[in-house]
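Visitor: can't give you the sequence, but here's the structure:
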């Protein structure tokens, strides 16, 4: 302290490794002030410089910051309201990413119009905003589609590749007719005569047992080629309706033996070409033949004529 009562700080040279202190940091006065951490000191100094005008702020920064803040708030609001996808689609479509070409492959029974309508492609749909996974799931819900793949080809094209289900037969349940797969799954209702050549399966449970039974009949191709309808009876056995109207009543078990007997009768006696209404093969030890109405009438007439002739011969 000098003679005037002032405090004099001595400037002492720093040794190697020592840090420089500000006078207020070294002052051991009565208030003993705390020192802010270094990162906070930088923030405080920047705030003071900005407030005092020592930092130059470019023109229009405030306006741009306001618009950026308002845009962020708007995007957040659209996200909460579920409109972000719509905005993204409209924006990207406007700058040249609207879908203009759809290439479909693998479709035989599925129309391209159904595909476009299901995906909502109206000429303004954005390729960028298109959800490929959602589109694939929608396409897989179409009746004939077993599997679907959707791929984007920038800038304006999507490729749709389908694998369709294969119709094995027609299933009649009640008055309804449905196309079925080999495993019995229903594909779609029968709408036209396009699938008239497919085998017809009738009755409860017929759709599930159809494929195995048709495969089992492969050993008798002559008989199988003449079958027009496979009728499931009580969920246990089959009646076969042939193309000439003859009904073959098969047993519940040991069907190969019954068909072997039928094949032998057909070869030796041409049984199925006669006036036969039905052939009952349900019993292993006998085969019952049911004649047509006309054949039955002719037989009855013949029996009656014979009886009359015998009676007349007995009277004389």
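Guide: In hand now; what should we look at? Given the structure is predicted, the values throughout are model-derived calculations rather than measurements.
Visitor: Correct me if wrong: residue 255 contacts residue 216.
Guide: Yes - with contact defined as CB atoms under 8 Å, residue 255 counts as touching residue 216 (6.9 Å). To be clear about C-beta, it is placed using only N, CA and C from the backbone, and glycine gets the same treatment.
Visitor: Looking at those two, which has the bigger crowd around it?
Guide: residue 255 (16 against 13; other CB atoms under 10 Å).
Visitor: The more buried one: what's it in contact with?
Guide: Applying CB atoms under 8 Å, 6 or more residues apart in numbering, we find residue 255 in contact with 216, 238.
Visitor: Okay, it and residue 44: tell me how far apart.
Guide: Here the criterion is CB to CB, to the nearest Å. By it, residue 255 lies 96 Å from residue 44.
Visitor: Then residue 144?
Guide: Computed with CB to CB, the distance linking residue 144 and residue 44 is 71 Å.
Visitor: neighbour count winner among these two?
Guide: When neighbours are counted by other CB under 10 Å, residue 144 comes out ahead of the other of residue 144 and residue 44, with 19 against 11.
Visitor: In contact with that one, which residues are there?
Guide: Each residue near residue 144 by CB under 8 Å, 6+ apart is listed here: 107, 108, 109, 110, 164, 165, 187, 188.
Visitor: Mind giving me the PyMOL command for buried ones among the residues you listed?
Guide: Those of the contacts of residue 144 that meet the burial criterion (16 or more other CB atoms under 10 Å) are gathered into one PyMOL selection, given here:
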select buried, resi 107+109+110+164+165+187
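Visitor: so what's residue 149 up against?
Guide: For residue 149, the residues meeting the contact criterion (CB under 8 Å, 6+ apart) are 136, 160, 161, 162.
Visitor: can you confirm it is in a strand?
Guide: Yes - the assignment for residue 149 (DSSP: H, G, I helix; E, B strand; the rest coil) places it in a strand.
Visitor: Okay, and which of the contacts of residue 144 map to strands?
Guide: Taking DSSP state E as the definition of strands, those contribute 164, 187, 188.
Visitor: will you turn those into JSON lines that also has pLDDT and distance to residue 231?
Guide: Formatted as JSON lines, the entries for these read as follows, by pLDDT from 0 to 100; distance: CB to CB, whole Å:
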{"residue": "164", "pLDDT": "97", "distance to residue 231": "29"}
{"residue": "187", "pLDDT": "97", "distance to residue 231": "21"}
{"residue": "188", "pLDDT": "95", "distance to residue 231": "23"}
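Visitor: Quick one: neighbours of the closest residue to residue 235 other than its chain neighbours, just the number.
Guide: In this structure, residue 235 finds its nearest non-sequential neighbour in residue 205, 4.3 Å apart by CB to CB, 6 or more residues apart in numbering. By the other CB under 10 Å criterion, the neighbourhood of residue 205 contains 15 residues.
Visitor: Now do residue 205 against residue 231, distance only.
Guide: For residue 205, the distance to residue 231 - CB to CB - is 11 Å.
Visitor: How about the contacts made by residue 180?
Guide: By CB under 8 Å, 6+ apart, the neighbours of residue 180 are 167, 168, 169, 170, 171, 186, 187, 201, 207, 210.
Visitor: any idea how far residue 210 is from the spatially closest residue to the second one that is not a sequence neighbour?
Guide: When you say that, I think you mean residue 168. For residue 168, the nearest residue in space outside its immediate sequence neighbours is residue 182; the separation is 4.3 Å by CB to CB, 6+ apart. For residue 182, the distance to residue 210 under the criterion CB to CB works out to 8 Å.
Visitor: Likewise for residue 270?
Guide: Between residue 270 and residue 210 the distance, using CB to CB, works out to 29 Å.
Visitor: Looking at the two, which one has more neighbours?
Guide: For the pair residue 270 and residue 210, the greater number of neighbours falls to residue 210 (24 against 9), based on other CB under 10 Å.
Visitor: how about the more buried one, secondary structure?
Guide: Secondary structure for residue 210, judged by three-state DSSP, is helix.
Visitor: let's number from 281 now, not from 1
Guide: Sure, I'll start numbering at 281, so the last one becomes residue 490.
Visitor: leaving aside the residues next to it on the chain, what's closest to the most centrally placed residue in the chain?
Guide: Nearest to the geometric centre of the chain sits residue 420, at 2.3 Å (CA atoms, centre = their mean). For residue 420, ignoring the flanking residues on the chain, the nearest one in space by CB to CB, 6+ apart is residue 428 at 5.1 Å.
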